[in-house]
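Asks: Provide a 3D model corresponding to the input given below.
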Amino acid sequence: MPECTNCGSFVTPSFVRVFGGNDDQVRGCDSCMTQTELNSGIAAQSPGEEVPLESTDSVSSGRRPPGT
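Replies: Next up is the predicted model:
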């Protein structure tokens, strides 16, 4: 039964497939992270790997900052 390695909550196999890493581990879920964090890839990162968050303005508006 898959679970979040951060908080231990149950996650579905579909959640792991979408938000998990290549090792089929989920390091964050709806119980311990915001949707913005999940969408940025934080739940899939390996230990020690950093995934930069986009500013909330560009995420909420659906636009990317100039030059990206």
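Asks: going by C-alpha atoms from here, please, whenever you check contacts or count neighbours.
Replies: Noted.
Asks: show me what contacts the nearest residue to Met1 once chain neighbours are set aside?
Replies: Closest residue in space to Met1, ignoring its immediate chain neighbours: Phe10 at 7.4 Å, by Cα to Cα, 6 or more residues apart in numbering. The neighbours of Phe10, taking Cα atoms under 8 Å, 6 or more residues apart in numbering as the test, are 1-4.
Asks: most surrounded residue in these?
Replies: Cys4 (21 neighbours; other Cα atoms under 10 Å).
Asks: how far away is that one from Pro47?
Replies: Note on Cys4: its distance to Pro47, by Cα to Cα, to the nearest Å, is 14 Å.
Asks: please identify the helix or strand for Pro47.
Replies: Following DSSP states H and E, one finds Pro47 outside all helices and strands.
Asks: so how many other residues sit close to it?
Replies: Other residues close to Pro47 by other Cα under 10 Å number 7.
Asks: low-confidence ranges, the protein, go.
Replies: Within the chain, the stretches with pLDDT under 70 are 48-68.
Asks: ranges for the helices of it?
Replies: 13-19, 35-40, 56-61 (DSSP state H).
Asks: buried residues in the second one?
Replies: Going by neighbour count (16 or more other Cα atoms under 10 Å), the buried part of helix 35-40 is 37-38, 40.
Asks: now render those residues as JSON lines, adding distance to Val16.
Replies: Output for the buried residues of helix 35-40, formatted as JSON lines (distance: Cα to Cα, whole Å):
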{"residue": "Glu37", "distance to Val16": "15"}
{"residue": "Leu38", "distance to Val16": "11"}
{"residue": "Ser40", "distance to Val16": "15"}
